[in-house]
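Asker: sequence first, then the predicted structure:
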Amino acid sequence: ATLANVARLAVPTLADWCAVDVLEEDGSVERLAVKHPDPEKAALAYELQERYPSDAETTRGVRKVLTTGEPDMMGEMPEELLDEFAVDPEHRAMLRELGLRSYMVVPMVARGRNHGAITLVSAESGRRYDETDLRLAEELARRAALAVDNAKLYEEAQREISERKEAEGRLKEAEARFRTLVEHIPAMTYMEAADKDGQSNSFLYMSPQIEAVLGYSPGEWMADPGLFRRTLHPDDSARVLAEDARTNTTGEPFQMEYRHVARDGRVVWVRDEAVLVRDHEGGPPYWLGVQFDITDRREAEQALRHSEERYRTVVKQAAEGIFVVDIDTKLILEANAAYRDLLGYTAKDMLGLGLTLYDVVAHDRQSIDHYVERILDNRVEFIGERRHRRKDGSLINVEVGSSVISYGGGEALCVIVHDITERRRSAERLQRSLDALLALYEAGQILSSSLQREEIGSRLLEIARRVSSLTAAAIAVPDEEGELEIWCSSGLEGLWREIRSAPEAAAVRQRVMETRKSQAVSLRHPGDDDGPYLVGLNLPLLVRGRLIGVLEAYGPEALMERQNEETLISLANQGASALENARLYADLAERENRLQDLIRKLITAQEEERRKVSYEVHDGLAQTAAGAHQLLQAFARRHPPDSEEGRKDLARVLQLVQQTVGEARYVIADLRPTALDDLGLGAAVRLQVEKISDEGSQVDYEEALGDERLPAEVETALFRVTQEALTNVRKHAPSARVRITLRHLDNSVRLHVRDWGPGFNPEKATEGGGPGERLGLSSMRERVALLGGHLEVRSRPGEGTDVVAEIPSGQANGKGR
């Protein structure tokens, strides 16, 4: 603010322009003020300074004055100087716009320090500066410099005062934090006067934690110099006081673990560490110490010692093998009797021979080192299976658990060994049994999934070879003369040719047929007396005590083991049942096909008989009744009755004859409508719809069969289903609404008859109801099924009935169900 006032006072008294620049601590120059009567020109001067700052290497102006500390004046500024000073044409134009004519730059120096410079410029006034003006400007700059220097001195003084206060505050905070730390750390801090005579212990300070540990307040410790000695445990008192006297004399640090007796009688272990502090200002020395409550640690150490004693007892008496290994050298440091006995060593041999982990573990050194590194890195127990080497060189399978333990002041590897030889054998037996059970289960699933005898036979042999590792397998069945012949085989081409024809093999197969029990034979290849035996196991295929064949299994000698034999016996039993089921299914299928052929012929015969009866009724009864009706009508016209009663009787007779004609025509239409033969299914169903509509039912009929006729069997079956459904509607719901949909789909014809009648329970209809109702549903299903289609009847009481039939459209002779 002071320097800005200087600039305002100088314009226009001393100059048209005045600029004040300040030299900062880092050597940079900051322009604090530029004054001119015209604010726009003042702004132009700021812009000029911002866009074209002074060159640090210039020999004139502010930079020169700040560098040399000497004033710079030019009474007349020639035009060439502006050209020389300008950086570019725009710079030159801005300088000329300022109208500079003469200038003075004087330094602001106080106490030998240059604080900046004041620049005075003459422009519009045309004034030319001289030495008188320069002295006046220097006086102005000197006074301004004194003001700036005083302000800086004041600022520095204020800053020092502020820094001192901050330092004092930080010191107080540090002292408070130190006291808080001392009074809250889990230890007891104290200051004790250095006692040369060693007769008392005078405490200058005691932290509050002491009261929670020993029950005496800090004030009691500082007031009573004898309290320390009285609280020492009797067993530790002599050695503590002796060490206290020694360190008081020598000045060496005091370090001990000993016991105090607390006010409530508890025994408290402490670790006491103190150093002698000498006052550099001449005061007496004192002990600065810390006591830690280590009662829990000492009790834990004592418990650990007891635990180690129990551990050694357990290790010696344990049934598991236990040994300890040095981590670095892998040397076995000790081993219990169980491990020594497992490997066949005596106690003297085990330790006297200097055995290492590499000697007893039957794995390469790299694998053993990696095993140890894993345990050390993870610091967790490792459990796994290994092979250890006995003294005689044989190998045993063991399960080991390893972990790092403390041993002799360092760390060692503790290994617990369990002999799993018997367990491995049991596991292998169990696995074989499991494999056999799974194979039997799989065999049951596979064999029950097929009803083709050839497929069952090949699958049975495949499973038998896989489960029992057979070289070959075959199924032999008795021929008409009772001799066994190969029906299905697998791998027989790999056997030597004479295997089945050998007398021993033939005799065994004969015994199987006679005894109905499995028989085995061992054979060698002819001419190879030293070669391995090939075992042939023959198993009967029995169904309810009846022999249907023999399963022949050929493989190594292990085939004679009890478990393998039992597995193959189970497979043979399942295979025999599957083969018998396939045979029965084939017989049943053949019988069903014959039955369906008979039913098809029966239905065809029924339709043919219907047609014959229809024509006979039409040509016989219907024609006779129609003729009788006409004759009666003619007779009545020629001989009308005289009485009213006669006329009524004649009318009744005419009505009965006419009803007979109608009933005959209705029977003809039900037996075999001629429209079905002549016009096809669509027209025949439409006639049925018109008939039931005339009787009072509301029927919607939608037909989309196209122009092509369907096979006669398909048309007849769908017509009979429609006829039966409408008959049921006429019988049970004569006034119900009915919708019939008949469509030709891509490869089938679909009939849907829907009525909104009372409905019924389809299950009860098939179980109960009248014979006609059960026969009607069965007849519909039978007709549709014979043509390879399906019929569905959906109904619930009170919700109407849906009858849906769908039959393949191109099938003239449908397959059975």
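Answerer: Right, received. Where do you want to start?

Asker: number of nearby residues for Glu24?
Answerer: By the criterion of other C-beta atoms under 10 Å, Glu24 has 10 neighbours. C-betas here are computed from N, CA, C, even on glycine.

Asker: hmm, I typed the wrong one, I wanted Leu650.
Answerer: For Leu650, the neighbour count with other C-beta under 10 Å is 17.

Asker: that one against Arg637, yeah?
Answerer: No: judged on C-beta atoms under 8 Å, Leu650 makes no contact with Arg637 at a distance of 10.8 Å.

Asker: where is the longest strand in this structure?
Answerer: In the chain, taking DSSP state E as the definition, the longest strand is strand 395-407.

Asker: low-confidence ranges, the stretch 501-650 of the chain, go.
Answerer: By pLDDT under 70, the low-scoring segments of the stretch 501-650 of the chain are 525-531, 595-596, 598-630.

Asker: if you set the cut-off to 50 instead, what comes out?
Answerer: For the stretch 501-650 of the chain, applying pLDDT under 50 flags no range at all.

Asker: how about the contacts made by Met256?
Answerer: The contact partners of Met256, taken as C-beta atoms under 8 Å, 6 or more residues apart in numbering, are 239-240, 243, 271-272.

Asker: scratch that, Ala10
Answerer: Listed by C-beta under 8 Å, 6+ apart, the contact set of Ala10 reads 18, 35, 118, 120, 140.

Asker: and the last one, helix, strand or coil?
Answerer: Read it as Leu140. helix (DSSP: H, G, I helix; E, B strand; the rest coil).

Asker: got it, and the third one?
Answerer: Recorded secondary structure, Ile118: strand (three-state DSSP).

Asker: shouldn't it be in contact with Ala137?
Answerer: Yes: applying C-beta under 8 Å as the test, Ile118 and Ala137 come out as touching, 6.9 Å apart.

Asker: please enumerate the shared neighbours of those two.
Answerer: Applying C-beta under 8 Å, 6+ apart, one finds that Ile118 and Ala137 are jointly contacted by Val106.

Asker: higher neighbour count, those two?
Answerer: Regarding Ile118 and Ala137, a neighbour count based on other C-beta under 10 Å identifies Ile118 as having more, with 29 against 23.

Asker: ok, the nearest residue to that one once chain neighbours are set aside to Ala42 distance?
Answerer: Nearest residue to Ile118, sequence neighbours excluded (C-beta to C-beta, 6 or more residues apart in numbering): Ala141, at 4.9 Å. Per C-beta to C-beta, to the nearest Å, Ala141 is found 21 Å from Ala42.

Asker: equivalent analysis for Leu434, please.
Answerer: According to C-beta to C-beta, Leu434 stands 103 Å off from Ala42.

Asker: and what of Leu232?
Answerer: Distance, Leu232 to Ala42, by C-beta to C-beta: 89 Å.

Asker: okay, now the residue nearest to Ile118: neighbour count?
Answerer: Ala141 is flanked by 26 other residues according to other C-beta under 10 Å.

Asker: give the contact list for it.
Answerer: With C-beta under 8 Å, 6+ apart, Ala141 has these contacts: 106-109, 117-118.

Asker: parallel or antiparallel, list what pairs with the longest strand of the chain.
Answerer: strand 382-389 (antiparallel), strand 410-419 (antiparallel) (DSSP bridges).

Asker: only C-alpha atoms, please: export it in PDB.
Answerer: Coordinates of each C-alpha in strand 395-407 appear next as PDB, following Å, rounded to 0.1, in the frame of the first residue of the first chain:
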ATOM      1  CA  LEU A 395       9.600-100.000   1.300                       C
ATOM      2  CA  ILE A 396       6.400 -99.400   3.400                       C
ATOM      3  CA  ASN A 397       3.500 -97.000   2.800                       C
ATOM      4  CA  VAL A 398       3.000 -94.500   5.600                       C
ATOM      5  CA  GLU A 399       0.900 -91.500   6.200                       C
ATOM      6  CA  VAL A 400       2.900 -88.600   7.600                       C
ATOM      7  CA  GLY A 401       2.000 -85.400   9.400                       C
ATOM      8  CA  SER A 402       4.700 -82.800   9.700                       C
ATOM      9  CA  SER A 403       5.000 -79.500  11.500                       C
ATOM     10  CA  VAL A 404       7.600 -77.100  12.800                       C
ATOM     11  CA  ILE A 405       8.200 -77.200  16.500                       C
ATOM     12  CA  SER A 406      10.600 -75.400  19.000                       C
ATOM     13  CA  TYR A 407      13.500 -77.700  19.800                       C
END
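
Asker: buried residues, that strand. List them.
Answerer: 396-400, 402, 404, 407 (16 or more other C-beta atoms under 10 Å).

Asker: residues of the helix or strand harbouring Arg739 that come out buried?
Answerer: Assigned by DSSP states H and E, Arg739 belongs to strand 737-744. For strand 737-744, the neighbour count (16+ other C-beta under 10 Å) marks 738, 740, 742, 744 as buried.

Asker: dig out what the third one forms beta bridges with.
Answerer: With DSSP bridges applied, Leu742 shows beta-bridge pairing to Glu703, Leu751.

Asker: repeat that for Val543.
Answerer: Bridge pairing for Val543 - DSSP bridges - gives Arg546.
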